[in-house]
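Engineer: no sequence on this one, just coordinates:
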Ligand SMILES: Cc1cc2nc3c(=O)[nH]c(=O)nc-3n(C[C@H](O)[C@H](O)[C@H](O)COP(=O)(O)OP(=O)(O)OC[C@H]3O[C@@H](n4cnc5c(N)ncnc54)[C@H](O)[C@@H]3O)c2cc1C
């Protein structure tokens, strides 16, 4: 095996595998090292996202949504089904099939692009003759350039140590073989809401305990309020805000969760507990101290706006560095790092252009600034709402709830933020991201002919409303 590379990418999650492909496309001799093993103990490319994150969660969200719709929504279409059942083993096997297909696809892409793929934990040893030395188990390789894409892992909670039997992290929550009767989720962020929704729709009684007093504090307030209402009233989630877990005790098969809420100590009994209190960067065992790689106060590898670290020819991307922990952010940074190594001049990634999505029902998505951020910054803005209850396609889908909010600069009409709660927000947000990326105005959105009937007409209507020209409101 060759042991000298132009680029060694550490980690084959969305950041790492994309970086490796782009580097190879640009003619660089590329190695990608990844340590992940699946439940069967086999190496599996794709990192958190493909194995235990984005993809398996979306597979289970879809299965559980179908089951829920069959029980609760189909009757109004005249479709009757008595006592539908769900085979959880089959649902989990379907999810695994999707994961295997995609992770296997990365293996094929690596082969197609001539990327060497090594399984194991990489440790940086130092630099000799402009070559970074790396150890992978007993193996030794070197590369002129390094891209660190080691991602993140679930944040642990001392009061609720994960065993993935009764106290679960994301991997455990995506692999349950039966529906727990009572499920508690610590954390009502993106991951907690999505995983809680899956098991609620399948029949669990789900309580989310969130230490923060506000629901989805990063989202636009109006959107967060609408989303919370719907998640409580329609999905049936019990969301307790300002609820700080103090300790978790095992009593036989049951878990007794003690938490502090509204100045009182309360208790909750659950059969399973999901801990979803955020994620921490993966730098352990990488040799960062030995080589003098700078780590910030929160444990992230320090990088500049172009993902360069403090050491020559070492880049770091994705969840292991500052910024939103999102797969598409990691991918964009992967391209950015690879292109710089190939000698290209690239602009930095603008975080304000990155869309956020929560795949609950209704979906929640946004890009750009919230109304609260604009107020705080003293920016004068115009605002328009488009409502899904007035949208023909949404009503035909049986999902006529929620809204699109368009915020534009009062001085020049440039789109500053678009916020959505409603059906297929995950797809609609990409038109919004396009508007922000290309500095479009609400007049550009208005001037774009939207197909009828389509959900995106609600965005068009919101742009009209921002100019006091709403046609349906
Ligand atoms: C349940 C869940 C749902 C999510 N849903 C979404 C979503 O819908 N959309 C979205 O954008 N994001 C989502 N995310 C977040 C997304 O998964 C991450 O932002 C993304 O995976 C980060 O990519 P990455 O390449 O930085 O790291 P990762 O995907 O974490 O990959 C890092 C890889 O590096 C390997 N590694 C670590 N250290 C070493 C080492 N020393 N040597 C070799 N290999 C190493 C790891 O084993 C892993 O395979 C979700 C996350 C979770 C947990």
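Structural biologist: In hand now; what should we look at? Keep in mind that this is a model prediction, so the values were computed, not measured.
Engineer: Let me see the contact set for residue 187.
Structural biologist: Residue 187 makes contact with 208-210, 275-278 under the criterion Cβ atoms under 8 Å, 6 or more residues apart in numbering. Backbone N, C-alpha and C define where each C-beta goes, glycine included.
Engineer: can these go into TSV with extra columns for pLDDT?
Structural biologist: Listed next are the contacts of residue 187 as TSV, based on pLDDT from 0 to 100:
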residue	pLDDT
208	98
209	98
210	98
275	98
276	98
277	97
278	96
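Engineer: Could you dump the residues you listed into TSV with neighbour count, secondary structure and distance to the ligand added?
Structural biologist: Compiled in TSV, those are given as follows (neighbours: other Cβ atoms under 10 Å; DSSP: H, G, I helix; E, B strand; the rest coil; distance: Cβ to the nearest ligand atom, whole Å):
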residue	neighbour count	secondary structure	distance to the ligand
208	27	strand	15
209	26	strand	18
210	24	strand	17
275	27	strand	12
276	26	coil	8
277	21	coil	12
278	15	coil	10
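Engineer: burial of the nearest residue to residue 262 once chain neighbours are set aside, as a residue count?
Structural biologist: The shortest distance from residue 262 to any non-neighbouring residue, by Cβ to Cβ, 6 or more residues apart in numbering, is to residue 242 (6.9 Å). When counting by other Cβ atoms under 10 Å, one arrives at 15 neighbours for residue 242.
Engineer: where's residue 242 relative to the ligand, distance?
Structural biologist: Remark: distance between residue 242 and the ligand (Cβ to the nearest ligand atom, to the nearest Å) = 24 Å.
Engineer: looking at it, that residue is touching residue 213, isn't it?
Structural biologist: Yes - at 4.5 Å, residue 242 and residue 213 qualify as touching, with contact defined as Cβ atoms under 8 Å.
Engineer: How is this structure partitioned into domains?
Structural biologist: 4-154+280-351, 167-277, 362-466 (automatic domain parsing).
Engineer: For residue 473, which of the ones you listed is the nearest?
Structural biologist: Closest of the domains of the chain to residue 473 is domain 362-466, at 5.9 Å (criterion: Cβ to Cβ).
Engineer: quick one: that closest one to chain centroid distance?
Structural biologist: Distance of domain 362-466 from its chain centroid, counting by Cα atoms, centre = their mean, to the nearest Å, is 21 Å.
Engineer: Stretch 242-259 too?
Structural biologist: 27 Å.
Engineer: I'd like the mean pLDDT over it, please.
Structural biologist: Across stretch 242-259, the average pLDDT comes to 96.
Engineer: Get me the contact residues on the stretch 301-450 of the chain for the ligand.
Structural biologist: Residues of the stretch 301-450 of the chain lying near the ligand by Cβ under 6 Å from any ligand atom: 318-319, 325-328, 330.
Engineer: ok, now with 5 Å
Structural biologist: Counting by Cβ under 5 Å from any ligand atom, the stretch 301-450 of the chain comes close to the ligand at 318-319, 325-327, 330.
Engineer: closest to residue 151 among those?
Structural biologist: When those are compared against residue 151 (criterion: Cβ to Cβ), the nearest one is residue 319, at 4.6 Å.
Engineer: Backbone dihedrals for that closest one, both of them.
Structural biologist: phi -60, psi -20 (degrees, to the nearest 10).
Engineer: Once you drop chain neighbours, what's closest to it?
Structural biologist: Using Cβ to Cβ, 6+ apart, the closest residue to residue 319 is residue 152 (3.8 Å).
Engineer: what about the closest residue to residue 250 other than its chain neighbours, how many neighbours?
Structural biologist: Distances taken as Cβ to Cβ, 6+ apart put residue 166 closest to residue 250, at 7.1 Å, once the chain neighbours are dropped. Burial of residue 166 is recorded as 17 neighbouring residues (other Cβ under 10 Å).
Engineer: and the gap between residue 166 and residue 462?
Structural biologist: 45 Å (Cβ to Cβ, to the nearest Å).
Engineer: for this structure, what spans make up the helices?
Structural biologist: For the chain, applying DSSP state H gives helices covering 14-25, 47-52, 54-72, 88-112, 170-173, 190-201, 221-230, 288-291, 327-341, 371-377, 392-396, 425-437, 442-447, 457-466.
Engineer: list the contacts for the residue lying closest to residue 312 once chain neighbours are set aside?
Structural biologist: Spatially, and ignoring its direct neighbours in sequence, residue 312 is nearest to residue 127 (7.6 Å; Cβ to Cβ, 6+ apart). Residue 127 sits next to 133, 291, 311-312 when contact means Cβ under 8 Å, 6+ apart.
Engineer: Alright, I will stop here.
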